[in-house]
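Q: Need coordinates for the below:
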Amino acid sequence: MKTLVLGNSLEVFNGIKEIYNQDKSSEIILFATEGLMPYDRALLPAFIAGLTTEKELFKKAQELLLDYHLELITNEAIARISVKRRYLTTDQKKQISYEKLVLVDTGSLILPGIKGLQKSGVFDAWLLSSMKALRKDINFLDSFMIPVTNIQGLNMAFALCQLQKEVTVLSSTPGLLPDFFDEETGLLLKQILEENKIRVLSESVIEEILGDAQVKAVKLKSGKVLACDSVIIDEARMDLRMLSDPQLEENDKICLEACFKPPVMPFMPETFGLNVMNGFFAGWTKLLEGGREYLKYSGPPNTYKKIFAKDDHLSGLVLFNAPEDNERLLGVLSNQEAITGKEEAIL
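A: Below is the predicted model:
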């Protein structure tokens with residue numbers, strides 16, 4: 001079967017692996033939707049901070065490509081996908097036929113409905129092209145506004161903090177990242193940011209980005225106006241308007257990259273903080289119905305360990321500044337070890 005895989009992140013390889021597991025004789029075309037080899041989006045904040053190079057962004061994809069025999073297209077962009085007739089048309093009028101379509105991302109984003117997104121100084125946190133533009137301008141930008149909705153935006157705040165930039169994080173709730181953490185954890189995370197000289201404005205939402213051609217300030221829904229040189233948006237959804245029909249064929253599959261979907265727990269293990277703090281979480285990071293939670297905190301240096309249990313097993317964990325416990329507690333979670341009566345001890 002001839003399968004067309006669309007995407008530019010490392011998640012395309014999950015789809016490719018699944019296809020090969022089903023049929024090792026499959027003919028696969030990987031259409032890299034941003035016109036370059038797939039790369040690790042999670043490394044983009046480290047790229048901004050100067051902690052990794054552009055070359056490193058592609059390293060994992062280069063290794064994974066060696067495992068598969070496929071055609072890689074990196075020099076064209078999507079113009080249209082004819083779902084019923086089963087072909088893709090590129091911006092250069094080339095048609096690529098397929099029998100099965102696997103759509104991971106389209107290389108085009110739809111950002112939140114904020115007035116002024118078109119101004120110079122507004123960047124999304126997900127596309128390499130946007131981050132390269134930010135790198136080009138960063139010496140001329142001093143103050144950044146980041147409405148944080150996920151880990152990518154949080155890491156961008158940490159990255160800019162390391163560059164000695166003035167960073168303001170906006171949260172729509174009293175704490176941070178309510179889709180990921182409970183209120184107690186979100187409030188502590190806010191405190192840690194503030195102790196690292198990152199300003200946090202709770203219950204604040206951008207209504208409009210102000211300035212003529214260049215960002216000069218943001219207006220919040222409260223009416224308050226805050227001066228800034230740049231706005232970084234970490235909330236985005238994938239643009240699917242190039243599909244001729246939003247209903248794909250039964251044989252096809254949309255498996256959008258996780259960062260463009262609402263968070264769904266349990267989470268895969270993830271580290272964040274970019275040397276400003278050491279954050280780590282995995283599993284169900286909120287209290288489950290009928291579950292239990294246990295906490296150990298000491299500050300400074302803001303060592304925070306919170307575990308969640310359900311029945312006889314660990315169901316999730318959140319750690320701040322306790323890297324020595326990451327692997328140990330992840331092992332307890334992954335191996336589903338019996339922990340009843342031992343909860344305090346494993347903290």
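Q: And the helices in the stretch 1-150 of the chain, which stretches?
A: Assignment of helices within the stretch 1-150 of the chain using DSSP state H, counting those that start in this stretch yields the ranges 12-22, 44-49, 54-57, 59-65, 128-137.
Q: Ok, the stretch 151-300 of the chain next?
A: If DSSP H, counting those that start in this stretch is used as the criterion, the helices of the stretch 151-300 of the chain fall at 151-162, 183-195.
Q: ranking the ones you listed by burial, who's on top?
A: Each of these was assessed for mean neighbour count using mean count of other C-beta atoms under 10 Å. The highest is helix 151-162, with a mean of 24. Using the backbone N, CA and C atoms, a C-beta is placed for each residue, glycine as well.
Q: could you give me the average pLDDT of it?
A: Confidence over helix 151-162, taken as the mean pLDDT, stands at 97.
Q: go on, stretch 104-120?
A: Throughout stretch 104-120, pLDDT has a mean value of 96.
Q: can you list the residues that contact it?
A: Contacts of stretch 104-120 with the rest of the structure, by C-beta atoms under 8 Å, 6 or more residues apart in numbering, involve 5-9, 11-12, 15, 33-35, 77-78, 122, 124, 126-127, 206-211, 213-215, 233, 235-240, 242, 255-257, 260.
Q: Please compute how far whichever strand or helix holds Glu327 lies from its chain's middle.
A: Under the assignment given by DSSP states H and E, the secondary-structure element containing Glu327 is helix 326-334. From the chain centre to the centre of helix 326-334 is a distance of 23 Å (C-alpha atoms, centre = their mean, to the nearest Å).
Q: Against which helices or strands is the helix or strand following it packed?
A: Tracing the chain past helix 326-334, the next element assigned as helix or strand by DSSP H and E is helix 343-346. For helix 343-346, the contact count by 3 or more C-beta pairs under 8 Å, 6 or more residues apart in numbering; DSSP states H and E identifies strand 292-298, strand 303-310 as packing neighbours.
Q: Pick the most buried one from the ones you listed.
A: Of those, the one with the most neighbours on average (mean count of other C-beta under 10 Å) is strand 303-310, at a mean of 21.
Q: Render the CA-only coordinates of the helix or strand that that strand is followed by in PDB, please.
A: Tracing the chain past strand 303-310, the next element assigned as helix or strand by DSSP H and E is strand 313-320. Written as PDB, here are the backbone C-alpha positions of strand 313-320 (Å, rounded to 0.1, in the frame of the first residue of the first chain):
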ATOM      1  CA  HIS A 313      -0.300   1.800  42.800                       C
ATOM      2  CA  LEU A 314       1.300   5.100  42.000                       C
ATOM      3  CA  SER A 315      -0.800   6.900  39.300                       C
ATOM      4  CA  GLY A 316       1.300  10.000  38.700                       C
ATOM      5  CA  LEU A 317       4.000  12.400  40.000                       C
ATOM      6  CA  VAL A 318       5.200  16.000  39.800                       C
ATOM      7  CA  LEU A 319       8.700  17.000  41.000                       C
ATOM      8  CA  PHE A 320      10.400  20.300  41.100                       C
END
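Q: Tyr20 and Pro178, how far apart?
A: Going from Tyr20 to Pro178 by C-beta to C-beta, to the nearest Å gives 38 Å.
Q: chain center to the helix or strand bottoming out on mean pLDDT in the chain, what's the gap?
A: Taking mean pLDDT, DSSP states H and E as the measure, the helix or strand of the chain with the lowest value is strand 253-254, at a mean of 87. For strand 253-254, the separation from the chain centroid amounts to 20 Å (computed by C-alpha atoms, centre = their mean).
Q: Adjacent strands (with direction) for it?
A: In the sheet, strand 253-254 lines up against strand 100-103 (parallel) (DSSP bridges).
Q: who touches the strand it pairs with?
A: Among residues not part of strand 100-103, those counted as contacts by C-beta under 8 Å, 6+ apart are 1-7, 15, 19, 81, 83, 86, 240, 248-249, 251-256.
Q: buried subset of the contacts of stretch 104-120?
A: 5-9, 11-12, 15, 33-34, 77-78, 122, 124, 126-127, 206-207, 209-211, 215, 233, 235-236, 238-240, 242, 255-257, 260 (16 or more other C-beta atoms under 10 Å).
Q: Phe31: neighbouring residues, count only.
A: By the measure other C-beta atoms under 10 Å, the count of residues near Phe31 is 24.
Q: Repeat that for Lys253.
A: The number of residues packed around Lys253, counting by other C-beta under 10 Å, is 17.
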